[in-house]
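**Student:** pasting the sequence and the predicted model now:
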Amino acid sequence: MPLFTLNAIAGQIFVSPIVWKGDPVGHIGENDAFFFVVKGECYIRIEDDSFIVKAGELAFLPKNKFRAYSTVNNDFVMYEFNFAFAIGKEYWIDALNLNDGKYHVAVDDPEYVASLFEQSVRREMSKDKLYDVIWYSSLSELIKIYVQ
């Protein structure tokens with residue numbers, strides 16, 4: 001059995017003047033997602049917990065939970081990364097005992113975190129095999145940053 005399985009699903013960037021509408025009505029997430037706000041603010045609700053994610057913060061939206069989100073203002077830049085991760089056969093959040101409901105964290109180096117997301121977006125654009133490796137490496141680093 002592998003130590004862990006990691007599946008990078010999609011990486012996106014939302015930049016003004018494109019208006020990111022989000023999903024203010026909400027849905028049950030099929031995959032995990034990271035949001036990283038570069039500029040502006042994002043409202044997120046996960047189950048009964050709601051919060052504002054500000055520039056320089058990394059938000060985690062867990063799978064199988066109700067989530068709703070929208071932008072707070074129109075001058076907004078955000079990266080989104082959808083993924084699946086398991087440690088052995090166990091959901092990574094359970095395996096690492098991260099069920100404390102802390103869904104967003106400030107990062108020490110926002111430019112570095114933005115560069116990790118940027119690499120995933122470049123993979124989406126180029127479909128180059130090298131970017132596949134970089135994409136998974138970036139996702140692993142984002143998980144580490146969130147956990148720490």
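**Tutor:** Sure, I can see it.
**Student:** and whichever strand or helix holds Ala59, how far out from the chain's middle?
**Tutor:** Using DSSP states H and E, Ala59 sits in strand 57-61. Put simply, strand 57-61 sits 6 Å off its chain's centre (Cα atoms, centre = their mean, to the nearest Å).
**Student:** now do the helices in this protein.
**Tutor:** With DSSP state H as the criterion, the chain has helices at 92-95, 110-126, 129-147.
**Student:** returning to what we had before: now do the strand holding Ala59: which elements does it pack against?
**Tutor:** The contact analysis (3 or more Cβ pairs under 8 Å, 6 or more residues apart in numbering; DSSP states H and E) places strand 57-61 against strand 32-39, strand 41-46, strand 104-106, helix 129-147. Placement of C-beta: from N, CA and C, glycine included.
**Student:** of these, which stretch is the most buried?
**Tutor:** strand 32-39 (a mean of 22; mean count of other Cβ atoms under 10 Å).
**Student:** now do that one against strand 57-61, angle only.
**Tutor:** Taking axes from the mean of the first three to the mean of the last three Cα atoms, to 10 degrees, one finds strand 32-39 and strand 57-61 inclined to each other by 150 degrees.
**Student:** got a list of contacts for strand 32-39?
**Tutor:** Residues from elsewhere that reach strand 32-39 (Cβ atoms under 8 Å, 6 or more residues apart in numbering): 16, 42, 44, 53-63, 69, 75-85, 107, 110, 113-114, 117, 142, 146.
**Student:** report the buried members of those residues.
**Tutor:** With burial judged by 16 or more other Cβ atoms under 10 Å, the buried subset of those is 42, 44, 53, 55-63, 69, 76-83, 85, 107, 110, 113-114, 117, 142, 146.
**Student:** elements contacting the worst-scoring helix or strand of the chain on mean pLDDT?
**Tutor:** Least confident helix or strand, the chain: helix 110-126 with a mean of 80, by mean pLDDT, DSSP states H and E. Applying 3+ Cβ pairs under 8 Å, 6+ apart, one finds that helix 110-126 contacts strand 4-15, strand 32-39, strand 77-87, helix 129-147.
**Student:** got the ones you listed as JSON lines, with mean pLDDT and distance to Ala95 columns?
**Tutor:** Listed next are the helices and strands packed on helix 110-126 as JSON lines, based on pLDDT from 0 to 100; distance: least, Cβ to Cβ, whole Å:
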{"stretch": "strand 4-15", "mean pLDDT": "84", "distance to Ala95": "9"}
{"stretch": "strand 32-39", "mean pLDDT": "95", "distance to Ala95": "13"}
{"stretch": "strand 77-87", "mean pLDDT": "92", "distance to Ala95": "4"}
{"stretch": "helix 129-147", "mean pLDDT": "86", "distance to Ala95": "11"}
